[in-house]
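>>> sequence first, then the predicted structure:
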Amino acid sequence: MPLCAAVHHHSGGDHLHLSTYCRRWTDWVLTTDKRQRIRLAMAGLAALLMVCCLLVMNAVAAAGLANAAHVRVWTVCSVIGLIVVYAAIRSGWSRRFKDPSLTLAQILYSIACCAVAFVIAGPARGVTLPILAIILMFGIFGLTTRQMLGILLYGLVVFGVASGVVALRDEPGYPPVVAGAYVGMVVVVLLSSTFLTTRVQSTREHLRRQKSELARALEQIRELATHDDLTGLLNRRAMFERMQLEQRRSLRTGYPLLVAQLDIDHFKVVNDTHGHGKGDLVLRAFADTVRHSVRDTDVLARWGGEEFVLMLCDTPAEEALALLERVRLAVQAMRVPLPQGGDPIAITVSIGLARHPPADTLAHTLERADQALYAAKAQGRNRVVLEPGLA
């Protein structure tokens, strides 16, 4: 092997090994569960910001502005808190809570640490204000308005106690005016964070409502596009798409696929005698009667006017004939009452049935079912006729 090729091969192998090692290490630290990875990544970001704050406090101590021993104890306690949070999320223990990310617990602990830093930072305690703002920033998107109001009260109490401790220590160069200014800024930071949370929550709720309304509107559009408005059945286009799916399944499995054409007898007479409004009542009653007479696996659609199509899947011809006879008898026994009284409307139905051969087209099968339907009409109506050779 040439030297440059060997070097390239060796470099590629090292790169692949390093990539595999990094992926395994990342999976171990963040787990392979998608939601857990998100929780741990957010906790890691919070920890990274907290580490920056720890570095700032230790720099303050190194400059002689704060007691180094106090800062070291504070640093150890803060790090322990970070480790406990990571372990609780990484182990899955936090999943028993409503918020597995432990956002509220992290913020409460961090505010307490920030208040302690306010006490021990001495003349440099002003650095705790941006730290407090960073802590509250995580609550803006992860907490509810009620929780942020609780944090507001908690923060006021904790920093009130911290300010009292600082006042009791009577530090030189820390006049009451400066102490009041710090307390005022703490209140401003807490109030502004609560206000922002309220606004963000309001915006999120508005967007959630818009999303829900959009989903409902899309569902209504889909319903209107695929269903007949009068009967609630599938319309012609949606039925044909369903038949195409069943055609492919029948071709793959070899199970029989039967198609029946149903036509209400003398429906024009119903419209001419009682009006189109009563005719609509008859169509709805007919659709409900047929729907309750067939099986859940059968698919019924309004094909147009008083014509309907019924698709029977995985059904032998004998069973299909018995089912259609049951439909015919149910329709024959059906009575549609008139709103203003009088004799109810009675109707009958003629049905033509055809089998869909795997190699045939749906259009041809529908045509043969239609021919069987016309044969039923020619033989006196109110009957079921099978295409030749199906019985």
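Nice, I can see it.
>>> for the stretch 251-391 of the chain, just list every one of the helices.
Applying DSSP state H, counting those that start in this stretch to the stretch 251-391 of the chain gives helices spanning 267-274, 276-293, 317-333, 362-378.
>>> for I80, find the nearest of the ones you listed.
With respect to I80, and counting by CB to CB, the nearest of the helices of the stretch 251-391 of the chain is helix 276-293 at 66.4 Å. Heads up, the C-betas are built off the backbone N, CA and C, glycines and all.
>>> report the angle between the closest one and helix 317-333.
Taking axes from the mean of the first three to the mean of the last three CA atoms, to 10 degrees, one finds helix 276-293 and helix 317-333 inclined to each other by 140 degrees.
>>> dump helix 276-293 to PDB, restricted to CA.
C-alpha atoms of helix 276-293 as PDB (Å, rounded to 0.1, in the frame of the first residue of the first chain):
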ATOM      1  CA  HIS A 276     -87.200  17.500  -2.300                       C
ATOM      2  CA  GLY A 277     -87.000  18.200   1.500                       C
ATOM      3  CA  LYS A 278     -88.900  15.000   2.200                       C
ATOM      4  CA  GLY A 279     -86.700  13.200  -0.300                       C
ATOM      5  CA  ASP A 280     -83.700  14.300   1.700                       C
ATOM      6  CA  LEU A 281     -85.300  12.800   4.800                       C
ATOM      7  CA  VAL A 282     -85.700   9.500   2.900                       C
ATOM      8  CA  LEU A 283     -82.100   9.500   1.700                       C
ATOM      9  CA  ARG A 284     -80.800  10.000   5.300                       C
ATOM     10  CA  ALA A 285     -83.200   7.300   6.600                       C
ATOM     11  CA  PHE A 286     -82.100   4.900   3.900                       C
ATOM     12  CA  ALA A 287     -78.400   5.600   4.600                       C
ATOM     13  CA  ASP A 288     -78.900   4.900   8.300                       C
ATOM     14  CA  THR A 289     -80.900   1.800   7.700                       C
ATOM     15  CA  VAL A 290     -78.300   0.300   5.300                       C
ATOM     16  CA  ARG A 291     -75.400   1.300   7.600                       C
ATOM     17  CA  HIS A 292     -77.000  -0.500  10.500                       C
ATOM     18  CA  SER A 293     -77.700  -3.600   8.400                       C
END
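>>> that one packs against which elements?
strand 257-264, helix 267-274, strand 299-304, strand 307-313, helix 317-333, strand 335-336, strand 345-346 (3 or more CB pairs under 8 Å, 6 or more residues apart in numbering; DSSP states H and E).
>>> mean neighbour count and mean pLDDT for the helices of the stretch 251-391 of the chain - can I get that in TSV?
Formatted as TSV, the helices of the stretch 251-391 of the chain follow (neighbours: other CB atoms under 10 Å; pLDDT from 0 to 100):
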stretch	mean neighbour count	mean pLDDT
helix 267-274	14	92
helix 276-293	17	94
helix 317-333	17	95
helix 362-378	17	95
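>>> so which of those comes closest to A181?
Ranking the helices of the stretch 251-391 of the chain by proximity to A181 (CB to CB) places helix 276-293 first, at 75.9 Å.
>>> list the contacts of the closest one.
Under the criterion CB atoms under 8 Å, 6 or more residues apart in numbering, residues 230-233, 262, 264, 267, 270-271, 300, 302, 306, 308, 310, 323, 326-327, 330-331, 334, 336, 338, 345, 347, 349 lie in contact with helix 276-293.
>>> let me see the domain layout of the protein.
Using automatic domain parsing, the domain parsing of the chain gives 30-217, 236-386.
>>> going by neighbour count, list what's buried in stretch 113-122.
113-122 (16 or more other CB atoms under 10 Å).
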